[in-house]
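Peer 1: fold the following for me, if possible:
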Amino acid sequence: MIQTIVLLILAFLAGCDQVLRVSEYSRIRMGTRARIVLYAQTEAVAIEASDAAFARIEAIEAVLSDWRPESEAVSLRQAAPRVWHAVSDDLDRAIQIGHAVWKATGGAFDFSCGEMTASWRRSRGLGEPPVEWAEMFARAGPPGARIRVQPGALWFESPVPWLDFGGIGKGLAADAAMETLRAYGVSSALVDIGGDLAIGASPPSHTGWAIRRSNGLPTLYLSECGVATSGSSEQHTGGRSHILEPRSGQWMPLHADITIVAPTAAEADAFASAACVLGADSLRAALGGREGIVVLPGALSKPTPACQGDSSEQ
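Peer 2: Model prediction:
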């Protein structure tokens with residue numbers, strides 16, 4: 001018996017001494033490149049954990065996508081008004097976080113402007129100025145004012161607004177992927193979906209993940225948080241941003257990039273969109289010193305670097 005106990009202790013100590021190796025994987029998800037950097041004891045664990053995390057991103061996309069006709073978000077375009085509709089856990093999470101940001105920003109972030117954002121994409125594809133929605137908003141009110149939210153359910157006023165989680169979906173998926181990695185015993189990791197980051201525990205022997213920023217701005221060293229940038233530098237048409245002022249129905253003029261650090265990637269994603277509507281100073285004022293949220297000028301570098309090591313692309 002004593003010999004067995006000694007052998008078990010030795011095996012445990014050997015496992016503790018195992019060096020964590022860094023691996024990187026990337027795939028196309030949610031219309032962009034999704035990248036996972038993680039530290040694991042073995043390659044087998046790294047592959048299994050990253051595969052599960054990418055599958056989780058795909059599952060989130062299948063629920064939230066506004067262009068897949070079979071997605072849950074698209075199916076609600078045909079929902080009957082003035083009745084409660086049960087929603088899945090993943091959709092409910094997006095709705096609950098999005099609605100909280102809608103309230104916190106006085107409606108500057110709104111995930112129910114899908115009909116407008118779909119028209120913007122059509123205009124961009126045709127090279128035309130985007131359609132303005134101010135008249136409809138004056139008649140029917142902002143879309144966000146035509147929904148009600150309770151846990152697990154959603155209610156629509158007529159006309160039923162289209163849901164669009166483009167301003168929160170990638171952050172939400174990054175958070176879900178990070179949760180999946182933790183379930184596989186991987187705590188030191190970074191999930192990057194098109195520049196929206198979910199950041200886990202610091203890499204071994206580092207104080208945080210090195211997140212470089214554009215235009216020579218100071219590097220951020222972060223852990224256990226989310227980061228997102230929003231701006232018009234990459235998406236614009238006819239001199240207008242892709243971001244709608246959701247309270248008036250007018251497209252924003254071109255504006256500077258703003259980066260948000262928040263407790264989760266979903267919150268960072270949504271507040272970054274709101275920052276483009278309100279401006280950095282007004283968003284800070286609206287948040288009133290809300291703990292864990294930092295508003296910064298500028299964007300992240302592309303690609304966002306982390307601690308470098310072994311890399312694989314699948």
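Peer 1: list the buried ones in stretch 279-295?
Peer 2: For stretch 279-295, a neighbour-count test (16 or more other CB atoms under 10 Å) marks 279, 280, 282, 283, 284, 286, 287, 293, 294, 295 as buried. Quick note: C-beta positions are derived from backbone N, CA and C, even for glycine.
Peer 1: ok, so of the residues you listed, who is nearest residue 143?
Peer 2: residue 286 (19.6 Å; CB to CB).
Peer 1: that closest one reaches residue 105, doesn't it?
Peer 2: Yes. Using CB atoms under 8 Å, residue 286 is in contact with residue 105, at 5.5 Å.
Peer 1: which residues touch the residue nearest the centre of the chain?
Peer 2: Nearest to the geometric centre of the chain sits residue 171, at 1.2 Å (CA atoms, centre = their mean). Residue 171 makes contact with 193, 196, 198, 226, 228, 264, 265, 266, 267, 268, 269, 270, according to CB atoms under 8 Å, 6 or more residues apart in numbering.
Peer 1: can you rerun that using 10 Å?
Peer 2: 94, 97, 165, 191, 193-194, 196-198, 226-228, 260, 262, 264-273 (CB atoms under 10 Å, 6 or more residues apart in numbering).
Peer 1: now residue 59
Peer 2: Contacts here follow CB under 10 Å, 6+ apart; on that basis residue 59 touches 90, 173, 176, 180.
Peer 1: any idea how far stretch 21-30 is from the chain center?
Peer 2: In this view, stretch 21-30 has its centroid 16 Å away from the chain centroid, taken as CA atoms, centre = their mean, to the nearest Å.
Peer 1: right, I mislabeled it, should have said stretch 163-177
Peer 2: 4 Å.
Peer 1: one more: stretch 277-296?
Peer 2: With CA atoms, centre = their mean, you get 18 Å for stretch 277-296.
Peer 1: C-alpha coordinates for that stretch, CSV please?
Peer 2: C-alpha atoms of stretch 277-296 as CSV (Å, rounded to 0.1, in the frame of the first residue of the first chain):
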residue,chain,number,x,y,z
VAL,A,277,-22.6,56.7,-31.3
LEU,A,278,-22.0,58.6,-28.1
GLY,A,279,-18.3,59.4,-28.3
ALA,A,280,-15.7,58.3,-25.7
ASP,A,281,-16.4,61.1,-23.2
SER,A,282,-20.2,60.7,-23.3
LEU,A,283,-19.9,56.9,-22.9
ARG,A,284,-17.7,57.4,-19.8
ALA,A,285,-20.3,59.8,-18.4
ALA,A,286,-23.2,57.4,-19.2
LEU,A,287,-21.3,54.5,-17.4
GLY,A,288,-20.7,56.7,-14.4
GLY,A,289,-17.5,54.9,-13.4
ARG,A,290,-18.9,51.5,-13.9
GLU,A,291,-16.4,49.0,-12.5
GLY,A,292,-14.3,47.0,-15.0
ILE,A,293,-15.0,49.0,-18.1
VAL,A,294,-12.3,51.2,-19.6
VAL,A,295,-12.7,53.4,-22.7
LEU,A,296,-9.6,54.0,-24.7
